[in-house]
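> Need the 3D shape of this:
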Amino acid sequence: MKQKINLRYLKYSDRYLDEMSSIWDRHIQSKEKLCELFSAIGSEEEKDLFLRIGVFYKYLIIEGSYRFSDKTLNVGMSYVDDTYKYIAIFSLIEALETPAKYNDFYQWLQSKKDLSFPVDQKPKAVLDQKYQEYKKEYGSVRAAVRFFERLDNRDKATIGQKLQIRNKSVSLKEIAQLLYNLRSKFVHEAQFVLDFETATSVGSHNGNILVNKLTINDLRTLFERGFLKRFGWNANTQ
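Numbers count the residues shown, from 1 in each chain. Just a heads-up that it's a prediction; the model follows:
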């Protein structure tokens, strides 16, 4: 028997659309246009995702901030709030781009009816090939690439202009990988995200000089536009 999906946000769609309208109507002119976009979404599951990610973005990024109770610590430590917002943005991107029913690699392999180990191929080579296929479907970097690929050419150009590796042409996939690596350094190594303050930052990436002029506000704008594109908004964003 197919398990029923709990569409908890869809049940209160009017309320959540009201909450979202103050953010998204700066890109699509009005709440009425936002509701038109919502109504055109093809499935209930996608509508629920639209509402969930939209209100989470408002709660976590627009309304949320990281502040110390000792106010003296808030001076000169904006990178703590930047880290909080950066990790939240990438978590929302992953949620938007990851299939609703997530499988780990072992579960995914079990679901493949055609899985076999030909006698002329080593099992490790077959598993390596399957793992690459798995990452295309569930990989976090691939999720980031899918998200950024939907952006307008203007927004892609902005990323290319503000995030540069000296003496090297950088593809959108490499940029997504770079941005995702910053997220991973916090998640896996507990390193703050220090590259998105108002001033230009200079660092390194794979032995090359990295110059970054992107700010958290830039990333917010890119996320907002990418969110609308994810759900089929084809008109120009503002």
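
> buried set for stretch 15-32?
Y16, L17, E19, M20, S21, I23, W24, H27, I28 (16 or more other C-beta atoms under 10 Å). Bear in mind the C-beta positions are built from the backbone N, C-alpha and C, glycine included.

> Now the third one. Nearest residue, chain neighbours left out?
Excluding the flanking residues, the one nearest E19 by C-beta to C-beta, 6 or more residues apart in numbering is V55, at 5.6 Å.

> and if you look at the first one?
Excluding its sequence neighbours, the residue lying closest to Y16 (C-beta to C-beta, 6+ apart) is L51, at 4.5 Å.

> Look up how far E19 lies from that neighbour.
From L51 across to E19, the span is 9 Å (C-beta to C-beta, to the nearest Å).

> same question, A176
Taken as C-beta to C-beta, the span from A176 to E19 is 29 Å.

> Among the buried residues of stretch 15-32, name the ones in helices.
Mapping the buried residues of stretch 15-32 onto helices (DSSP state H) picks out Y16, L17, E19, M20, S21, I23, W24, H27, I28.

> nearest to I165, of the residues you listed?
Nearest to I165 out of those is H27 (C-beta to C-beta; 29.7 Å).

> can you give me the strands for the protein?
Taking DSSP state E to define them, one finds strands in the chain at 163-165, 201-205, 208-212.

> circling back to that earlier point, which residues does the residue nearest to E19 contact?
By C-beta atoms under 8 Å, 6 or more residues apart in numbering, V55 lies in contact with Y9, Y16, E19, M20.

> for F50, same thing?
F38, I41, F231.

> Among those residues, which one sits closest to D81?
F231 (27.9 Å).

> Cheers, nothing more for now.
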